[in-house]
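In: Mind looking at a prediction? Sequence and model below.
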Amino acid sequence: MLEKNEVLNTEIAKIAEVAGYLWIKGWAEYNGGNISVNVTPAVEDECQKMTPIADKISLPAVMGHLKDNVFYVTGTGKRMRYVSSSPWENGSLIRISHDGTYYEIIYKNPIRPTSELPSHLSMHNYLRSIGRKNNVVLHTHPTDLIALSHSQKWLDSDAITNMLWSMIPECRIITPKGLGVVPYEIPGTMDLANATIEQLKNHDIVFWEKHGILATGIDVVDCFDVIDTLSKSAQIYLNARMAGFTPEGMTETQLDDLVTAFHL
Ligand code: 13P
Ligand code: ZN
């Protein structure tokens, strides 16, 4: 009885909470953004027996580290503001097959998963393969960060990371691995998925040129907070520029002192 599964319900409530923030923030125009959360530990026994409610769908690559795993995934074309109010009408549980080659929707309505599923699952699969416990992939369209991705200057991982870090101490503390950058690719493609995985080798957050941002983590609220902090830094930079000056930014010494103080 998944309806009465409290661990699952708590996770879905957190996804709904975050979907609401994405809309309020103005990062989720139309169907912008998507969320996937690995809920396998919450549903394992129940979900292995469940009968699929839609046809098998082949995966574009074998997801060998996600065998029998179950994910809540937002639906393609669905609006975040409605994911927030009705998560089961705007997303579904999918189960990866035992051989990792296809998935089936098992609950609650046959809502087709996000077009970015190749990127999400490739990221989950890669993170599992290297032993990271990240359960969440959150993709959204923050206006300020996307604006920066329209300049070649900021499409360099070190340049964007150092600039954002230097706007407020919290950014250096909360995003210690900085941002990976993926040059523009067509949304929903395996090229985008593969380029994203490459960046995950050294980062938890990936910037998609002229498109948006992706965060991976253990907790969906935490993923939102990380992106929110980066967006805050971007706003400070852009606000200063709009006021007619280039912000000084914290010095290298000030940033390095944080590494020592917070054991980063
Ligand atoms: P979906 O509606 O398929 O999730 O696509 C939204 C999006 O942001 C694509 O990158
Ligand atoms: Zn997008």
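Out: Good, I have the coordinates. Ligands and ions are numbered 1, 2, ... in the order given.
In: From here on, just use CA atoms for contacts and neighbour counts.
Out: Will do.
In: Give the buried residues for the longest helix seen in the chain.
Out: With residue count as the measure and DSSP state H as the assignment, the chain has helix 220-242 as its longest helix. Neighbour counts over helix 220-242 (16 or more other Cα atoms under 10 Å) mark 220-224, 226-238 as buried.
In: Run through the residues of the stretch 1-150 of the chain sitting next to ligand 1.
Out: Where proximity means Cα under 6 Å from any ligand atom, the interface of the stretch 1-150 of the chain facing ligand 1 comprises Asn31, Gly32, Gly33, Asn34, Thr76, Gly77, Lys78, Thr114, Ser115, Glu116.
In: Show me those residues that map onto strands.
Out: Asn34 (DSSP state E).
In: Just name the shakiest helix or strand of the chain by mean pLDDT.
Out: Every helix and strand of the chain was ranked by mean pLDDT, DSSP states H and E. The lowest is helix 40-49, at a mean of 90.
In: What helices and strands are in contact with that helix?
Out: Contacting helix 40-49 under the criterion 3 or more Cα pairs under 8 Å, 6 or more residues apart in numbering; DSSP states H and E are the following elements: helix 6-25, strand 70-74.
In: Show the average pLDDT along the longest one.
Out: Spelled out, that is helix 6-25. Confidence for helix 6-25, expressed as mean pLDDT, is 98.
In: Buried residues, that helix. List them.
Out: Of the residues in helix 6-25, those buried (16+ other Cα under 10 Å) are 8, 11-12, 14-23.
In: Quick check: chain neighbours aside, which residue is closest to Leu138?
Out: Leaving aside its chain neighbours, Leu138 sits nearest to Ile35 (4.7 Å; criterion: Cα to Cα, 6 or more residues apart in numbering).
In: The one you found: how many residues sit nearby?
Out: Ile35 has 28 neighbouring residues, counting by other Cα atoms under 10 Å.
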